[in-house]
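Peer 1: Sequence and predicted model, in that order:
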Amino acid sequence: MNTLQTPIDYLKGVGPNRADLLKKELGIYTYQDLINLFPNRYLDKTKYYKINQLQRNAAEVQIVGRIINLKMVEQKRGKRLVATFQDETGILELVWFRGQKWVKDSIKLNVPYVIFGKCNWFNGFSMPHPELELLTEHKANIRSAMQSIYPSTEKLTNKGISNKVKIKLLQSLFQETGGKFQETLSPLLLNELKLISKAEALFNIHFPKNAELLAKAQYRLKFEELFFIQLQLILKNISRKHKIKGFPFDQVGELFTEFYHNHLPFELTGAQKRVIKEIRNDLGSNAQMNRLLQGDVGSGKTIVALMTVLLAIDNDFQATLMAPTEILATQHYHGITELVKGLNINVRLLTGSVKTKQRKIIHQELEDGTLHLLIGTHAVLEDKVKFKNLGLAIIDEQHRFGVAQRAKLWKKNTFPPHILVMTATPIPRTLAMSLYGDLDISVIDELPPGRKAIKTVHRYDSNRLKVFAFMRDEIKKGRQIYIVYPLIQESEQLDYKDLMDGFESISRDFPKPDYQISILHGKMKPADKEFEMQRFIKGETQIMVATTVIEVGVNVPNASVMIIESSERFGLSQLHQLRGRVGRGAEQSFCILMTSYKLSTEAKTRLETMVRTNDGFELAEVDLKLRGPGDLMGTQQSGILNLKIADIVKDNDILLLARNYAMAILKDDPSLLKEENSILKFTYQQIGKYKNIWNYIS
Ligand code: ADP
Ligand code: MG
């Protein structure tokens, strides 16, 4: 009997060419890889439809009926064969564009057939290239009623590795191995959750005997996948807390106290206080902090970051604050310098456009320890930037940074510094816990008092004149306005044209000298960007025409109107981020979503959701449902999306169950030493040996 580690080349039906294709196209190197190639979906051949039940855009259907007529139809190139298929409820056209002659000769008229395929609608239903089977044969054939459809690539299909071939290969695999696969979950779990065995699950995921067994197989495999990921995350977290020593910040010193009593420009919200406490607890312990701070736009994360920095400096450590864009870093620099005036702290800004001379000073001061806080962009990560004693690194708007960049920060001192990542991209809490089992999470779930809810409306392009009138009114009242154009990389040129056209048309309707307009986009030099930004901040311009460069963090409290052009092209979280640029002052703020009349259903849902609610978490839930987790912070890098069978959104219940079991088991037996957990330990130990989680699970 061949083991699962046998190279795929040895499987019956796999020659060198096919082996090569399977490796390159699907990453299948061994028997194990093949058995873990799970179907994307199943054709349900348990159901029979009537012609009058057909629906447009439905999946494949199976129908019993007779062919009553058959004819060749000439068309521009070649011929097509058209058959009229009839059941007691109606008729349907069957069409062939290839192999017409062969089909024509083999078809029998007026005898019952079972047809299977996908229907098109064009003045009536038709089914191109249906599978055909005589009803008598159909009844005699034994088959799996649910037929697996496997992931494929164009190349595989072109080179003849069709779905049928894959099914054949899997059949061979089951024959050669005898279908005996080692159990990977402990008896305890199997019993308690009434899960079917590994071998049974694998068989039924490929060759479901019926819908019920398929469901059981899916459930068991999903649970298993999520369970081992959770086990891994939780163990990582435990070991980090044990092994990775942090620098203890044991004192709340002078700076913090002085700032708290004499420099805070406002009373902290309850949520801000709570979060600062959570952070202080982390910093005071001996473990390294790895904390995610979530807070909706405008919830006041910056002040929390600053107070954390003060704790570091009080304990004789240096700190750094990183932001994803130069504009944002610069804004943090100005804002924080202002806040700490009179506190005797040395703060500097490092971005790509800082000149060599200034850089030298920064490098020098970092190394001799006289620089307390370095604010900057990615530039901070460069190897040349060395700290004397970095104790804290804060990353703002973390979804713009990758895991690799976070890892770089770890190496900036002998021990990794404490890490605080801040994000305004809310993630439903249960999901966040499961995704980032290795991060602790704090949430600021309260906005500073006195904020008026932003009024959001949707307007069509044809209402532009009214929108302009509204803008004039607001400007008359002394307000400032953002107008944002989408910028999507694929069609950059086009987008810039949109932006420039927009700028021109706005300039015409809002002429100098009554109106001054700023423009800001990614292709401008940093100095020019800064100049335009400053003009707007100082109130010298009333309108800021921009691309999404202003999306994150920009803070101009007097700006109270956000107009988003072609807003149907933005994702929900981005729209919410943009809207967050207004509503920062005491005045009533507005967000106007401009679109053309042509809107997809999904775009409509997005716009309606924006108009309905200001709550970032509610938006995140809708977004998650609409788009899946792909765009959520960091999920691209976290590997969680390489899930083979579970779906982080749809299978959230299973995920929570898996997490709870993983926690309970580890609480009782942290090193998995008990006999009853030996299978789990064995399975878990294979982690790391292989890249893909399923390579160790089987
Ligand atoms: P974000 O969480 O989006 O980074 P900021 O830290 O930029 O939010 O804060 C947004 C605005 O709210 C700033 O102008 C800030 O000064 C103000 N702010 C923060 N906390 C409070 C508070 N507790 N009371 C009043 N205003 C606050
Ligand atoms: Mg911010």
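Peer 2: Received it, and whenever you're ready, just let me know what you need. Numbers count the residues shown, from 1 in each chain. Ligands and ions are numbered 1, 2, ... in the order given.

Peer 1: just for the chain, where's the confidence low?
Peer 2: Where the chain drops to pLDDT under 70, the residues are 1-2, 141-144, 240-241, 243-244, 398-406, 426-438, 488-495, 551-553, 627-642, 687-698.

Peer 1: Need the residues that contact the helix or strand hosting V545.
Peer 2: In this structure, V545 sits in strand 543-546 according to DSSP states H and E. Contact with strand 543-546 is made by 471, 475, 480-485, 499, 502-503, 506, 510, 515-521, 532, 536, 550, 559, as judged by CB atoms under 8 Å, 6 or more residues apart in numbering. The way it works is simple: take the backbone N, C-alpha and C, and place the C-beta from them, glycine included.

Peer 1: Buried ones only from those residues, please, as a PyMOL command.
Peer 2: Selecting in PyMOL just the buried members of the contacts of strand 543-546, where the criterion is 16 or more other CB atoms under 10 Å, is done with this command:
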select buried, resi 471+475+480+481+482+483+484+485+499+502+503+506+510+515+517+518+519+520+521+532+536+550+559
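
Peer 1: can you tell me which residues contact the nearest residue to G522 once chain neighbours are set aside?
Peer 2: Counting by CB to CB, 6 or more residues apart in numbering, V549 is the residue found nearest to G522 once chain neighbours are left out, at 5.3 Å. The neighbourhood of V549, defined by CB under 8 Å, 6+ apart, consists of T325, I327, L520, H521, G522, K529.

Peer 1: Make a markdown table out of the residues you listed and add secondary structure and distance to E224.
Peer 2: As requested, those are arranged in a markdown table below (DSSP: H, G, I helix; E, B strand; the rest coil; distance: CB to CB, whole Å):
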| residue | secondary structure | distance to E224 |
| --- | --- | --- |
| T325 | coil | 42 |
| I327 | helix | 46 |
| L520 | strand | 50 |
| H521 | coil | 49 |
| G522 | coil | 45 |
| K529 | helix | 51 |
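
Peer 1: Identify, from the residues you listed, the entry nearest to S442.
Peer 2: Nearest to S442 among the contacts of V549, counting by CB to CB, is T325 at 23.9 Å.

Peer 1: Dihedrals phi and psi, the closest one?
Peer 2: phi -130, psi 160 (degrees, to the nearest 10).

Peer 1: Now the helix or strand where D653 lies: buried residues?
Peer 2: D653 is located in helix 652-668, with elements delineated by DSSP H and E. Judged by neighbour count (16+ other CB under 10 Å), helix 652-668 contains these buried residues: N652, I654, L655, L656, L657, A658, R659, Y661, A662, I665, L666.

Peer 1: Quick one: residues in contact with stretch 189-196.
Peer 2: Under CB under 8 Å, 6+ apart, the answer for stretch 189-196 is 183, 185, 197, 201, 204, 213, 216-217, 219-220, 223, 227, 657, 661, 680.

Peer 1: rewinding a little: now intersect the contacts of strand 543-546 with the helices, please.
Peer 2: When helices are assigned by DSSP state H, the members of those inside them are M471, I475, L499, G502, F503, I506, E532, F536.

Peer 1: Take those and lay them out in a markdown table including distance to R274.
Peer 2: Converted to a markdown table, those look like this (distance: CB to CB, whole Å):
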| residue | distance to R274 |
| --- | --- |
| M471 | 40 |
| I475 | 40 |
| L499 | 42 |
| G502 | 43 |
| F503 | 44 |
| I506 | 44 |
| E532 | 38 |
| F536 | 34 |
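
Peer 1: So of those, which two are at opposite extremes in space?
Peer 2: With distance counted by CB to CB, no two of these lie farther apart than I475 and L499, which are 20.7 Å apart.

Peer 1: give the contact list for T320.
Peer 2: For T320, the contact set (CB under 8 Å, 6+ apart) comprises L373, L374, I375, G376, V380, F387, L390, L392, A393, I394, L409.

Peer 1: hmm, 7 Å instead?
Peer 2: L374, V380, L390, A393 (CB atoms under 7 Å, 6 or more residues apart in numbering).

Peer 1: can you count the residues close to the residue of the stretch 151-300 of the chain found nearest ligand 1?
Peer 2: At 2.8 Å from ligand 1, G300 is the closest residue in the stretch 151-300 of the chain, using CB to the nearest ligand atom. A count of neighbours around G300, defined by other CB atoms under 10 Å, yields 19.

Peer 1: So that it lines up with my notes, have the first residue be 52 from now on.
Peer 2: In the new numbering, first residue 52, that becomes G351.

Peer 1: State the distance from it to N606.
Peer 2: Here the distance between G351 and N606 works out to 11 Å (CB to CB, to the nearest Å).
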